[in-house]
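**Q** For reference, the sequence and a predicted model appear below.
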Amino acid sequence: MTLVLGVVLLVVAVGISVNAAQQLTALEGAAHPGTLALWLALLSVASNEGLYYYTIAVARKHNSKLLRANAWHHRTDSISSVVVFVGVVGVMLGFDYLDALAAIGVAAMIAKVGWDLGWESLQELMDVALGEEEVQELREIIMQTTGVVGLHELRTRMTGAQALVDVHVIVNPTLSVSEGHLVGERIRKQLLERVEKVADALVHIDAEDDESSGPMLGLPGRSQVRQEMEQLLKNVGSSVSIKEMTLHYLGNQISVDLKVPLPEVESVPAALALASEVSERAESMPLYRRVRIEFVP
């Protein structure tokens, strides 16, 4: 609708210009209005300005392009009335051509408003992104959120008068899944509350910059890693069980934290020797960055 209104305003501007040009070529037959026309023009200015300020306030409250376009329609009516007033005064003072020249001037202003509305609406239809200043504001809000280490792949897309945001946020790789999720929800909440245009945000939590490290889909999953860790413990001559296992997939390798029951080990020196032996043997396993054992009750 905003695009249609912009086109209508351009058509109106052309019509006014053509009519004013015709008046300039036929000044002898021009009408000579009286004081009633002056008062009517002033009344039109006042009423249209009132409608403009009311409509533009509602448009800003609801972030509506259509209401903003309608407000500017009232403003163009007000400008037209001002021109009518100036033209009437000019004709009454004997300057018959002033009315036509003023009409051409207001036609140019109407054309400017129509072009701006139409071009802005057309850009929205073409799925454009937010401006550089607005994107920079999004970056600052994200980086100010507690727990954020960095960000990349920040993308925005306009849909009507609102914007959708998609961003990859880097956090400390040792964060738990729940804490990483909380960081993402805080970012989303901040963007929605602090940036009026943002309608929704999709936040991807990354443990590292996956633009440089690339995908790690070729690494083994949890079940295979557990089997390999159990085999590693057997290879060092231990029969202890794995109580818990935490995996960190970073830099195309896996870091493993194992929790092993201390009562299953003969002594503290034996536990220390087991941890050291497992760590040394893991260094020869290319898929593993490190394997660390923590003894728990």
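**A** Perfect, I can see it now. Numbering: from 1, shown residues only.
**Q** quick one: low-confidence ranges for the stretch 151-297 of the chain?
**A** Applying pLDDT under 70 to the stretch 151-297 of the chain picks out residues 160-161, 212-216.
**Q** And the strands in it, which stretches?
**A** Listed in chain order, the strands of the stretch 151-297 of the chain (DSSP state E, counting those that start in this stretch) span residues 162-171, 198-206, 244-250, 253-261, 288-296.
**Q** Each with direction, which strands does the shortest one pair with?
**A** Going back to what we said before, that points to strand 244-250. strand 253-261 (antiparallel) (DSSP bridges).
**Q** who touches the partner strand?
**A** With contacts defined as Cβ atoms under 8 Å, 6 or more residues apart in numbering, strand 253-261 is touched by 219-220, 225, 229, 240-248, 274, 278, 282, 287-297. All C-beta spots, glycine's among them, are computed from the backbone N, C-alpha and C.
**Q** Report the buried residues of it.
**A** Within strand 253-261, the residues that qualify as buried are Ile254, Ser255, Val256, Leu258, Val260, counting by 16 or more other Cβ atoms under 10 Å.
**Q** Pipe these into CSV and attach distance to Ala102 per row.
**A** Shown next, in CSV, are the buried residues of strand 253-261 (distance: Cβ to Cβ, whole Å):
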residue, distance to Ala102
Ile254, 78
Ser255, 77
Val256, 81
Leu258, 86
Val260, 90
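**Q** Who are the packing partners of the host helix or strand of Gly50?
**A** Secondary-structure assignment from DSSP states H and E places Gly50 in helix 35-62. Helix 35-62 sits against helix 65-92, with contacts defined as 3 or more Cβ pairs under 8 Å, 6 or more residues apart in numbering; DSSP states H and E.
**Q** Compute the inter-axis angle for the helix it packs on and helix 35-62.
**A** Relative orientation of helix 65-92 and helix 35-62, computed by axes from the mean of the first three to the mean of the last three Cα atoms, to 10 degrees: 160 degrees.
**Q** So for helix 65-92, mean pLDDT?
**A** Over the span of helix 65-92, the pLDDT mean works out to 72.
**Q** how distant is that helix from the center of its chain?
**A** Computed by Cα atoms, centre = their mean, to the nearest Å, the chain-centroid distance of helix 65-92 equals 35 Å.
**Q** Only the buried residues of that helix, if you could.
**A** For helix 65-92, a neighbour-count test (16+ other Cβ under 10 Å) marks 65-91 as buried.
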